[in-house]
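Trainee: Okay, structure incoming, though there's no sequence with it:
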Ligand SMILES: [Zn+2]
């Protein structure tokens with residue numbers, strides 16, 4: 001596939017528009033996201049790949065270097081918090097980053113068809129979906145409408161947290177992020193095979209709303225985040 005503008009790409013490829021480097025390997029892709037997040041946190045974003053020239057350049061095809069399976073929370077916009085632009089991230093968002101067939105199919109499309117080498121589960125502190133699940137479990141009262149579809153998807157993480165003696169909301173969120181990583185790999189043989197072949201990695205990160213920083217909480221394989229300065233908490 002064409003990756004013009006990529007360092008180490010095809011010899012002789014003319015860079016006609018200014019582009020930021022695009023990572024192609026799992027660890028490199030993760031490092032790229034961490035770098036962007038650091039720029040965002042520092043208040044020094046470069047807003048790469050957001051100009052009109054790049055918009056035209058990617059119109060004929062996309063080669064995103066990461067898939068983001070994130071919570072829909074309005075404060076968690078992937079391209080902003082990772083300081084990326086058009087064509088960089090393939091984003092799938094649901095409340096509480098809950099997964100179902102459409103989410104799994106979207107992830108598989110991005111990884112196996114578009115060739116994305118990294119899947120990031122993006123959760124955050126004070127997640128309303130996790131809080132709603134906890135309230136529903138505590139009261140025994142199901143929320144109205146289709147909300148139970150979200151709440152029920154979070155309940156396994158809630159039970160796991162209880163079994164591990166974790167009761168604070170952000171600790172539960174971390175467990176839910178790790179659980180989502182495992183769910184993606186467990187329910188998608190396509191993704192699991194890409195990871196087993198070393199072509200893709202799945203990393204779970206937790207975002208802090210106030211600070212804007214992401215912290216890895218789970219990674220398969222762990223080497224995918226080895227270059228990051230923050231340690232990976234053991235996947236429960
Ligand atoms: Zn949330």
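Mentor: Looks like it came in fine. Quick caveat: nothing in here was measured; it's all calculated off a predicted structure.

Trainee: And the strands in this protein, which stretches?
Mentor: Secondary structure of the chain by DSSP state E: the strands cover 66-71, 89-94, 118-124, 201-207, 214-220.

Trainee: Between the ones you listed, which one is closest to the ion.
Mentor: The ion lies closest to strand 66-71 among these, at 3.3 Å (Cβ to the ion). Bear in mind the C-beta positions are built from the backbone N, C-alpha and C, glycine included.

Trainee: For the protein, which residues are neighbours of the ion?
Mentor: Residues of the chain lying close to the ion by Cβ under 5 Å from the ion are 71, 73, 127.

Trainee: and residue 139, how many neighbours does it have?
Mentor: By other Cβ atoms under 10 Å, the residues close to residue 139 number 8.

Trainee: what do you get for residue 155?
Mentor: Residue 155 has 14 neighbours, counted by other Cβ under 10 Å.

Trainee: what do you get for residue 82?
Mentor: Residue 82 is flanked by 26 other residues according to other Cβ under 10 Å.

Trainee: what's the closest non-adjacent residue to it?
Mentor: Nearest residue to residue 82, sequence neighbours excluded (Cβ to Cβ, 6 or more residues apart in numbering): residue 36, at 4.1 Å.

Trainee: Return the residues in contact with the residue nearest the centre of the chain.
Mentor: Among the residues of the chain, residue 120 comes closest to the average C-alpha position under Cα atoms, centre = their mean, at 2.5 Å. Under the criterion of Cβ atoms under 8 Å, 6 or more residues apart in numbering, the contact list for residue 120 reads 30, 33, 66, 67, 68, 69, 70, 202, 203, 204, 205.

Trainee: could the residues you listed go into JSON lines alongside pLDDT?
Mentor: Formatted as JSON lines, the contacts of residue 120 follow (pLDDT from 0 to 100):
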{"residue": "30", "pLDDT": "96"}
{"residue": "33", "pLDDT": "97"}
{"residue": "66", "pLDDT": "98"}
{"residue": "67", "pLDDT": "98"}
{"residue": "68", "pLDDT": "98"}
{"residue": "69", "pLDDT": "98"}
{"residue": "70", "pLDDT": "98"}
{"residue": "202", "pLDDT": "98"}
{"residue": "203", "pLDDT": "98"}
{"residue": "204", "pLDDT": "98"}
{"residue": "205", "pLDDT": "98"}
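
Trainee: ok, now which ones touch the closest residue to residue 192 other than its chain neighbours?
Mentor: Spatial nearest neighbour of residue 192, chain neighbours left out: residue 185 (4.9 Å); criterion: Cβ to Cβ, 6+ apart. By Cβ under 8 Å, 6+ apart, the contact list for residue 185 reads 191, 192, 195, 202, 220.

Trainee: Between those, identify the one with the most neighbours.
Mentor: Counting by other Cβ under 10 Å, residue 202 has the largest number of neighbours within these, with 28 neighbours.

Trainee: Who is that one paired with across the strands?
Mentor: Beta bridges link residue 202 to residue 119, residue 220, judged by DSSP bridges.

Trainee: Test my guess that it contacts residue 195.
Mentor: Yes - contact criterion Cβ atoms under 8 Å: residue 202 and residue 195 qualify, at 6.2 Å.

Trainee: Give me the common contacts of these two.
Mentor: 185, 220.
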